[in-house]
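S.K.: This is the structure alone, sequence omitted:
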């Protein structure tokens, strides 16, 4: 998903699945938030992990 049409299609498909209605006035803000989330996901996807890396069973800060 890289252009507004793809993101708008995702919004149209996902909103009913989670049971929400997104007003037209809020669509630009929802699109912006999804674009930010996609950029954050790309950063995580680009982080190299060794195939032996295991998730921690308990997070301890």
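M.R.: Received, thanks. Treat the numbers as computed from the prediction; the structure is a model and nothing was measured. Numbers count the residues shown, from 1 in each chain.

S.K.: just checking, what packs against the biggest helix by length in the chain?
M.R.: Counting residues, the longest helix found in the chain (DSSP state H) is helix 27-45. Counting contacts by 3 or more C-beta pairs under 8 Å, 6 or more residues apart in numbering; DSSP states H and E, helix 27-45 packs against helix 4-18. In this view, the C-beta of every residue, glycine as well, is placed from N, C-alpha and C.

S.K.: if we look at the helix it packs on, which residues are touching it?
M.R.: The contact list for helix 4-18 (C-beta atoms under 8 Å, 6 or more residues apart in numbering) reads 1, 21, 22, 27, 30, 31, 34, 35.

S.K.: for it, what is the average pLDDT?
M.R.: Averaging pLDDT along helix 4-18 gives 92.

S.K.: if we can go back for a sec, just the contacts of helix 4-18 now: which is nearest residue 57?
M.R.: residue 34 (31.2 Å; C-beta to C-beta).

S.K.: For the closest one, which residues are in contact?
M.R.: 7, 10, 11.

S.K.: Just among these, which is most surrounded?
M.R.: For the contacts of residue 34, the largest neighbour count, defined by other C-beta atoms under 10 Å, is 18 neighbours, found at residue 7.
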